[in-house]
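[1] Need a 3D model of the following:
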Amino acid sequence: MNAQDKTLDQYQQFMKINAAAHLFRSARELGVLAELREGQRTLSQLCEKLTLKPGATKLVLDALVASSIIEQYEDDYALSRVAHLLCQYDEDLGDATWNRLVGHVQQSDESGADDQAFLNSLAATQWVHTPAAMQAAEMLDVGGEDEVSGPKILDLGCGSAVWSAAMAHRDQQATVTAVDHAAALKAAQSTADSIGLGDRFRTMDADPGEVDLDEAGFDLVLVAQRLGCLGPEEGQKLLSQAFRALKFGGKLVVIDLFRGPAKPDMSECVEALKLELGTEHGCIRSLEAIQTELAELGLENVQVTFMPDSRVNMGMAVANRPLEQP
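    Purely as a prediction, here's the structure:
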């Protein structure tokens, strides 16, 4: 493909992406998505209920089917599975966030970031990382011959507990203590129940940075998708909390977005802007920064890897607390 063809392909792709986004918003504004969320409808039923023109509505429905937002079964239209997954935090495709971008860059955005709202949104949509969570548990070899059998896992700032639940699923003797605020814990318990963790999963409603925990009580402490939402001071406080809860010889695992050596792709750029808009001090840490933070705590054997199954290039930093000195 020559440079001109590549440019034309990019142009066409930009136009299709923009059209698909406007199509989704139009269907939402017209009431089509809300109506189909209630059940399957024919063209005539939609037009009668929403007072729409049949010819134009048919063209819109054809485009929605082509974009996988809805599905067609003979004369009936239904909301697709992926569209059903949209929840209160993303049903507008993030417009509430992105509409603030210009004002934020121009320093005229006075609405302020809401860290807790951002974390609640993260918890509600964290299920998208399930494949990466399973891969992380595999990479850590949870339940492996050379690892602690039935590890006590602390999920500090658990969100919906996708990451720790995957670890407990891999080792049937593992237990999880999940710490977060009430909104996240509801999602976390749902995750645990969905894979039958039962009494191997318990929750603590508390601020992860303030919770009262037994010192050196856990074989593995997990801080997943939390550190990047915090500034340096808050982040260090959370990591110190994780360190204190970790057994001597135990493993601290930090899963988050990290700046790698390669030029950032679109996914990384989008996630960085979401942190900028949604949190007070959050940012994507560099590999050097996370390695330094963990080493300064007194952890050793710090290693950082990226997970191929992550859709947003999530990384995993792993370090060990040294064995207690005699």
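
[2] alpha carbons only for contacts and neighbour counts from here, please
    Fine.

[3] List the contacts of stretch 256-264.
    Contacts with stretch 256-264, where a contact means C-alpha atoms under 8 Å, 6 or more residues apart in numbering, come from 224-228, 268, 284-287, 312-316.

[4] May I see the PyMOL selection of the buried members of the residues you listed?
    Selection of buried members from the contacts of stretch 256-264 for PyMOL, criterion 16 or more other C-alpha atoms under 10 Å:
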select buried, resi 224+225+226+227+228+268+284+285+287+312+313+314+315+316
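
[5] Give me the buried positions along the top helix by length along the chain.
    The helix spanning the most residues in the chain, taking DSSP state H as the definition, is helix 3-30. Neighbour-count burial for helix 3-30 flags 20, 23, 24, 25, 27 (criterion: 16+ other C-alpha under 10 Å).

[6] Give the next helix or strand downstream of the host helix or strand of residue 272.
    Residue 272 belongs to helix 266-278 when assigned by DSSP states H and E. Toward the C-terminal end, the helix or strand that comes next after helix 266-278 (DSSP H and E) is strand 285-286.

[7] and the following helix or strand past that next one, how far out from the chain's middle?
    Beyond strand 285-286 on the C-terminal side, the first helix or strand identified by DSSP H and E is helix 287-296. Chain-centre distance of helix 287-296: 22 Å, with C-alpha atoms, centre = their mean, to the nearest Å.

[8] Also stretch 200-208?
    Counting by C-alpha atoms, centre = their mean, stretch 200-208 comes out at 19 Å from the chain centroid.

[9] go on, stretch 46-55?
    How far stretch 46-55 lies from its chain's middle: 37 Å, per C-alpha atoms, centre = their mean.

[10] Give me the mean pLDDT for it.
    Average pLDDT, stretch 46-55: 97.

[11] Tell me where the model's unsure across the stretch 101-250 of the chain.
    Applying pLDDT under 70 to the stretch 101-250 of the chain flags residues 109-111.

[12] Checking the residue lying closest to residue 134 once chain neighbours are set aside next. Helix, strand or coil?
    Nearest residue to residue 134, sequence neighbours excluded (C-alpha to C-alpha, 6 or more residues apart in numbering): residue 166, at 5.4 Å. At residue 166, secondary structure determined by DSSP: H, G, I helix; E, B strand; the rest coil is helix.

[13] Next, work out how far apart residue 166 and residue 175 are.
    Plainly put, residue 166 is 11 Å away from residue 175 if you go by C-alpha to C-alpha, to the nearest Å.

[14] Would you map the strands across the stretch 201-326 of the chain?
    201-205, 218-224, 246-259, 285-286, 300-306, 314-320 (DSSP state E, counting those that start in this stretch).

[15] Distance to residue 235 for the ones you listed - can I get that in JSON lines?
    As requested, the strands of the stretch 201-326 of the chain are arranged in JSON lines below (distance: least, C-alpha to C-alpha, whole Å):
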{"stretch": "strand 201-205", "distance to residue 235": "19"}
{"stretch": "strand 218-224", "distance to residue 235": "10"}
{"stretch": "strand 246-259", "distance to residue 235": "11"}
{"stretch": "strand 285-286", "distance to residue 235": "11"}
{"stretch": "strand 300-306", "distance to residue 235": "17"}
{"stretch": "strand 314-320", "distance to residue 235": "14"}
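
[16] Any idea which of the ones you listed gets closest to residue 78?
    Among the strands of the stretch 201-326 of the chain, strand 314-320 comes nearest to residue 78, with 33.4 Å by C-alpha to C-alpha.

[17] Neighbouring strands - and their directions - for that closest one?
    If you go by DSSP bridges, strand 314-320 pairs up with strand 246-259 (antiparallel), strand 300-306 (antiparallel).
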